Structure formats: structure tokens, C-alpha cells
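Novice: For reference, the sequence and a predicted model appear below.
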Amino acid sequence: MTKNKNVLEWIEEMKALVQPDKVVWIDGSEEQLKEIRNISLACGEMEALNEEKLPGCLLHRTAINDVARVENKTFICSRKKEDAGPTNNWEDPKEMYAKLRRLFDGVMKGRTMYIIPYCMGPIGSPFSKVGIEITDSTYVVLNMDIMTRVGTDALKQLGDVSNDFVRGLHSKADIDEDNRYIVHFPEDNAIWSVNSGYGGNVLLGKKCFALRIASYQAKNEGWMAEHMLILGLENPQGEIKYVCAAFPSACGKTNLAMLIPPEVFAKKGYKVWTVGDDIAWLRPGPDGRLWAINPENGFFGVAPGTNIKSNPNALASTRKNTIFTNVVHNLDDNTVWWEGLDKNPPKNAVNWKGEKWDCTDGSKGAHPNSRFTAPAINCPCISSEFNNPQGVPISAIVFGGRRAKTAPLVYQARSWEHGVFVGSTMASETTAAAAGAVGVVRRDPMAMLPFCGYHMGDYFQHWLDMGKKLGDKAPKIFNVNWFRTDDEGHFIWPGFGDNLRILNWIIDRCEGKADAVETPIGYEPKPEDINLEGLDISMDTLKGLLNVDISLWKEEVAGIKEFYGKFGDRLPNELKEQLAKLEANLDK
Ligand code: PGA
Ligand code: MN
């Protein structure tokens, strides 16, 4: 399929290591994918769903010990330990290669090795980059086909001589938890993943390439790879402004990216268009502004909680050619179900573990991190710019997370440097998207804690450098928190579609159309500038949501100091100054 010697030599080397019975190059054709679907059904990796209700859809269940990204088994093996930094697991690449070679040695005996050439970003875009993933899993092939642009087009994009492609090697091996490793070698452009068959651990184009490896490349090449959604907000005059937003996993990026405006706004002509729901690659454009593409071609979304009210666009995206992972299988009509889909759990059903499930026994039928893999073209609100090779110009960058208290509904950073400070100190309560305890507050700078492929202090410096390059054309930076709770633990802000009210203020600020109030932490809206039309929320409640509690923020400062302490002399001075300024503001 290619004459590229760099590719062919690497494939030969990997073949000698894993010793497959058979080798199949994925060309991206519909005929070949059909064949692979059949193989996947025949070996039981996938089950076919109701062709009338869910045409082209498949169901997959992972092993019970393999349901989320495993951050403690994820490594950044740069040559020097300090280049991986204090937030990543590291081992000497020589030792890690030796250990992994033992695990990969002959691992594909009796199996087929699939070679998936894929392109992250639109074919032909100057932003795009090519990867090749070797795998023994048809689940991976079929998911990669939805999430990326696979096949001959990707090889064409690479060309016959380039060596600039990410080498991904994956084997499910025995799904042995104790020998599960997700390993990145940034200096070699390589990712090796073994003993998992779950999403982000094995769809190597996603977190492994498009964030961990790409963030490292981006620092060296002068661009940015970020854990951000991209949306276009259209106003009644038909003008569209683009916003990027970084939230940790399972904090509502997909929902915000596909937001449906509340009725009063929809009637006036407001619309939201989805460019991406998880990852953004950003570069300064010829006009000096920051432009973004979505490197992905599909959505790997969290299923539970997705329903016709919370996210009708995501739900519509999953009605055909979608892969469901770890949801409930409704045996009556061969469809799928998850908690929060509707109030009618199926009576005759199998849970995510593959066991007969009694919906009245109090157990969850779908895993909390169960997923849908849906093609972007299925999305009713997909942006007309989705495939634009030049990307879209970004007006605002929004950070956010889950905080029961502390962070107000929205505030704006005073400058790019202050915005980098705000992003670098982000904190959020943990979710089921990664293995480990749920609901614990942890610092997650720019929502990149599990995804930054190099030293986080250098990453902060790179953000500051990008700001200098962009100058007064840099996007404005904001922070939001949809998740404030009252004393009984209920969410105060309705969220979902009503978040448009906040996006409108953000765009007005970017356009110089709205005023702001100075607070110790940054600029906040005047409460009357948030349009509450048609919403049952009082001015007092809104004021409460915007309140900055000085004593909580003093605790926050202590937490930030402790966190910043990790970065030693790689913490940029600008950020130390920002922290000192916050502390002084709180003492005023
Ligand atoms: P995410 O995780 O929720 O951070 O996008 C993706 C994954 O687990 O593969
Ligand atoms: Mn994500």
C-alpha cells in the first residue's frame, strides 16, 4: 500500500517481534470494513444490534478489569527523567523497551496483525499528522475507522519519503491487568500499548497521539495540542464566533459542544455548531489569530446521562454506525440502554458485565464509563467548517471543572498571563473516566494532567510563549463552573442549554460589548448582564453563583502553592507573580 521505506522497515521490525499468522493493511474501503465487522462478529468481539432501530451499530463488552484509562500504567519515557516531569510516570526508555519487548514477543502468534494508517485532522490540512497503529483487535480497527481518517488517504498524506509518522503498537495480549502498559516514547514518535482493550488505552490516535505525543511535538514546532472542545456560536445576525473549552474527562465537553439553545434564544436565531468535543490542535494563522482544528473524526462519548433532553445531538449521533461499549443490552428488541437514557430500563436485559440484569435490584446496568463511538457526520449540529483544512479562528478559551464551592459560575482572566495562571491552577472532582476514586478534588492544569507528554512546567512556559507570539490577537481566557452545589448537594445552575447564557457574555466580552466587575480573582459579569429570560433563577441566586468567598480562596491559594511546589525551577516566574498577585488581592 505504500513505498515509504520508513514505514515498511518499521512494519518488518514489528512483525518480527509479534510474529502474526497473518497481516492485513487497512485501506479504508467499505468492502474491507464490512469483512472486518464480520470477523469481529464471528469471534464474539462485537455483537450486531437491531438493524432497523440501530442500523450499522455494534455492541462490545470489555473485560471487567479493563473499563477506563489507567493513569498509573501510563508512562512518558523520555530519555531524561526530568523531561517527563513530576506529573508523569517515567522509566528509562531502554529498560521499558526491554520489558515491553518481552511482553510483545510472539504475542500475535495465531492472530492477525492489522496495520491501520490514519490521519489526525482533515486530509490535506497543514495541521494534520499521520499515525500508523498495529493491533490484533478488530474492536480497535472498527473504532479507529470512526474516530480518525483511515486507509490509503492517510498514506497519501504521509507521502513516499517522510519519516514524520507516529508508530503505534498495540496488542490486547491476555488483558492481563498486572502487565498492562500504555507507554509513550516522545523522542521516537512511538506508542506501545499492551494488555488492554479499552478505548483511550488502545485507540492510539486519541489521547496517546493527539494529546501526549502531539503536545510534545507542538512545543517543539510552535503550536498547541489541547484537551478542548471547539464550538461555533451563531448569533441572530448569522455571525459565528468560535470558542475552545478545556474541562477534565466526563465534565460535559460533549454536552457543551452540542448545546441546544434554550427556547427564547433559539427563537431569536442563536445556534451552536460542533467542531470538536474533546481535542483541539491550534496554530497561529496567517492573520496572526489563533486557529483550531479537531484532529478527530468521531465522538468517543460517555453514555450514561445522555438522553433526549440532556444532549439530543449526541443521542442522534449514536442512532447509526455507532459502537457501544459496556452499556446494557436489551434482549427484547436487541437495542442498548444506559442509566439516564430514559425511565424505562429493559426488563429482559444483560448488564455491562454480560450477566442477566435485574433492573430492580439497585445495581447499575451500564458501566459509569460506558461509551459510544459515533461518526461526527451523524451529528445534526456538525459545523460546516468541520473539514476545513484551515480550521476556525478562536475568540475565547474557556477553562472549567467540577467544583462544589470555590469557583464562581464564570470569570474572565485579566490578561493572557493571568489566563495561563487560571488554567494552570484548575482543579476538579475526579470522575469515572479514569480508574481510581471518584469525587476527589485534584489539580488538573488545562485538563491536561493525564495527557501532557512532557514536563508540565515547560508546558506552562509554552503557553506563555504562545501568548507572546499572539500578542493582542490572542483569544480572551475565561473560567466557568457549572457544578456549584447548595447545602443539600444539589446543583444550583441548570447547566446544559442554559450555559448559552454564559457563552453569550463571554462572546460579548471578546467583542467589547459587555462590562465587567473587578474581583480579586478576575473580571466577573454584572449580574444584570447575564440574560435570565425564561429561566426560573432569581437575581439573588445568580449573585450567589458569582460570589467569591475570600476564605475559601485563601485555602485555594494554599493548595496552589503546594501544587506549584512540585515544579521547582521549571515553574515560570510569570506564574509565581500571578500567584503573589492573587494572594495580595485577597488580603486587600
Ligand atoms: P476521555 O477519555 O473521557 O478523557 O475523553 C477517553 C478514553 O477513556 O478513551
Ligand atoms: Mn477527553
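Specialist: That came through fine. Because the structure is a prediction, the values reported are computed rather than measured. Numbering: from 1, shown residues only. Ligands and ions are numbered 1, 2, ... in the order given.
Novice: sec struct for the residue in the stretch 451-588 of the chain that ligand 1 sits nearest to, please.
Specialist: Residue nearest to ligand 1 within the stretch 451-588 of the chain: F451 (7.9 Å; Cβ to the nearest ligand atom). (Each C-beta comes from the backbone N, C-alpha and C, glycine too.) Secondary structure, DSSP: H, G, I helix; E, B strand; the rest coil: F451 is coil.
Novice: which residue packs closest to it, ignoring adjacent ones?
Specialist: Spatial nearest neighbour of F451, chain neighbours left out: L211 (3.8 Å); criterion: Cβ to Cβ, 6 or more residues apart in numbering.
Novice: now swap in K271 and tell me
Specialist: Leaving aside its sequence neighbours, K271 sits nearest to E234 (Cβ to Cβ, 6+ apart; 4.2 Å).
Novice: Wait, the one you found touches V272, no?
Specialist: Yes - contact criterion Cβ atoms under 8 Å: E234 and V272 qualify, at 7.4 Å.
Novice: okay, now A246: neighbour count?
Specialist: 23 (other Cβ atoms under 10 Å).
Novice: Please apply the same query to P525.
Specialist: Using other Cβ under 10 Å, P525 has 24 neighbouring residues.
Novice: what phi and what psi does the backbone show at the nearest residue to it once chain neighbours are set aside?
Specialist: Of all residues not flanking P525 in the chain, W505 sits nearest, at 5.0 Å (Cβ to Cβ, 6+ apart). The phi/psi pair for W505 (degrees, to the nearest 10) reads phi -60, psi -40.
Novice: circling back to that earlier point, quick one: pLDDT of the residue nearest to K271?
Specialist: For E234, the pLDDT comes out at 98.
Novice: How about the one 5 residues further on?
Specialist: E239 is assigned 98 on the pLDDT scale.
Novice: before we move on, back to that, so the residue nearest to F451 belongs to a helix, correct?
Specialist: Yes - under three-state DSSP, L211 falls within a helix.
Novice: wait, doesn't it sit right on Y454?
Specialist: No - here L211 lies out of contact with Y454, judged by Cβ under 8 Å, at a distance of 11.5 Å.
Novice: Mind checking which of the two has more residues around it?
Specialist: L211 (26 against 23).
Novice: what's T148 in contact with, if anything?
Specialist: Neighbouring residues of T148 by Cβ atoms under 8 Å, 6 or more residues apart in numbering: Y118, C119, M120, G131, A154, G205, E296, N297, G298.
Novice: sorry, back to before: identify the residues contacting the residue nearest to K271.
Specialist: Counting by Cβ under 8 Å, 6+ apart, E234 makes contact with I240, G269, Y270, K271, V272, W273.
Novice: now it: how far from H170?
Specialist: From E234 across to H170, the span is 40 Å (Cβ to Cβ, to the nearest Å).
Novice: what's the answer for N351, then?
Specialist: 27 Å.
Novice: likewise V67?
Specialist: 17 Å.
Novice: again, but for A63
Specialist: A63 is 15 Å from H170, by Cβ to Cβ.
Novice: neighbouring contacts of stretch 523-533?
Specialist: Under the criterion Cβ under 8 Å, 6+ apart, residues 264, 408, 410-414, 501-502, 504-505, 508-509, 514-517, 539, 542-543, 546, 548 lie in contact with stretch 523-533.
Novice: so who does the nearest residue to W90 once chain neighbours are set aside touch?
Specialist: Computed as Cβ to Cβ, 6+ apart, the closest residue to W90 that is not its neighbour in sequence is A84, at 4.0 Å. A84 is in contact with I76, C77, S78, W90, Y454, H455, counting by Cβ under 8 Å, 6+ apart.
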